[in-house]
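# Provide a 3D model corresponding to the input given below.
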Amino acid sequence: MAMKNVGYIDLPEHRGAGGFDHADIHLPSGRLYVAHTGNDAIDMIDSGRDRYIESMSGLKAVAGALVSEARGLVFTSNRGENTVSVFAPGAERDAFKIEVGVKPNGLAFDSVRGTLIAANVGDPSIPGSHTVSVVDVERRQRIAEVKVPGRTRWAIYDSARQMFFVNIASPARIIAIDARDPTKISKEYEVPAAGPHGLDLDPVTGRLFCACDAGVLLAIDAASGRALGDVALSGAPDVIFLNPQLGRLYVAIGDPGVIDVINVSTMRREEVVPTEAGAHTLALDRKRNKVYAFLPQSHRAAVFVDSV
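Numbering: from 1, shown residues only. So this is what the prediction gives:
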């Protein structure tokens with residue numbers, strides 16, 4: 001298998017500091033949403049034609065986008081205004097906002113209950129601000145605030161176990177919040193590497209994949225927290241995405257600016273794909289086996305196709 005670069009998509013230039021951040025794709029419409037933090041906006045891309053569509057502004061220091069295909073919704077974490085936004089693909093101008101904790105970042109969604117969590121980075125100068133906000137999307141309100149042991153990173157939802165998992169940078173932890181009672185931490189797993197950052201889940205094997213600042217990717221049993229394997233990375237990682245069809249996991253590494261491609265069956269690195277210095281975020285189109293790397297220096301998205 002090999003990643004092949006098939007082109008680039010020009011995106012708006014940065015108006016401020018911050019570049020790009022977390023992205024996600026709504027496969028039925030082909031709309032890709034990427035947080036353009038430097039512009040307080042979400043940039044939208046047609047992933048079928050690989051063309052920029054437009055930008056949705058007014059999202060201060062937006063840190064990420066998350067899509068729920070089950071509910072036909074998109075969520076954004078707006079770190080600069082302590083809110084999350086909610087809208088339907090194609091109806092972005094009808095978005096509404098809900099107040100959450102301090103500096104929301106990682107998002108995860110339980111589509112059955114309609115429960116969204118926002119993992120808040122917090123502010124060291126505000127005691128107790130490292131939290132996870134729990135939001136009832138239908139009621140458009142925050143229903144709980146869960147204190148966590150440190151600065152949050154990314155979050156995911158495991159529908160089989162009905163658990164939200166959240167990476168904590170320090171102390172190195174993965175915390176679990178039970179969707180049936182999302183008012184408290186249900187479990188805490190110690191992570192045997194510094195700085196848990198990117199997080200994804202293989203629902204078939206029940207493995208969490210945790211990419212750490214220490215330059216290592218860990219496979220962790222979601223039920224027990226036991227470390228099952230590890231692989232060295234090219235540097236400190238950020239966003240990761242698993243392609244279950246190909247059994248490959250893509251890890252964005254801003255320094256030196258590469259994507260590490262990991263075979264999750266063997267836990268071996270199969271490729272190192274150059275991107276651009278500072279390119280720390282990705283999107284994955286699982287339908288077309290396409291990977292998008294967002295390039296902060298040249299204001300573009302590089303498009304790769306992964307093939308068997």
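# ok, R248 touching N263?
Yes. R248 is within contact range of N263, at 6.3 Å (criterion: C-beta atoms under 8 Å). Yep, even glycine has a C-beta here, placed from its N, CA and C like the rest.
# list the residues that contact both of these two?
Here R248 and N263 have E270 as joint contacts, going by C-beta atoms under 8 Å, 6 or more residues apart in numbering.
# quick one: which of those two has more around it?
R248 (22 against 16; other C-beta atoms under 10 Å).
# spatially nearest residue to the more buried one, not counting backbone neighbours?
Counting by C-beta to C-beta, 6 or more residues apart in numbering, V261 is the residue found nearest to R248 once chain neighbours are left out, at 5.6 Å.
# try I53
Nearest to I53 is M44, by C-beta to C-beta, 6+ apart, at 4.3 Å.
# continuing past the helix or strand encompassing the one you found, what's the next helix or strand?
In this assignment (DSSP states H and E), M44 forms part of strand 41-46. As assigned by DSSP H and E, the chain's next helix or strand after strand 41-46 is strand 51-56.
# need the residues that contact that next one.
By C-beta under 8 Å, 6+ apart, strand 51-56 touches 9-12, 31, 36, 39, 41-46, 92-93, 95.
# again, but for stretch 257-273
1-3, 202, 207, 209, 217, 219, 229-235, 237, 242, 247-253, 274-279, 282, 291, 293, 304, 306.
# cool, stretch 121-141 as well?
71, 73, 79, 84, 86, 96, 98, 100-105, 109, 114-120, 142-152, 155, 164, 166, 175, 177, 182-183.
# try stretch 21-31
In contact with stretch 21-31 (C-beta under 8 Å, 6+ apart) are residues 32-35, 37, 44-48, 53, 62-67, 69, 72, 74, 77, 89-90, 106, 154, 239, 281-287, 292, 294.
# mind listing what's buried in that stretch?
By 16 or more other C-beta atoms under 10 Å, the buried positions in stretch 21-31 come out as D21, H22, A23, D24, I25, H26, L27, S29, G30, R31.
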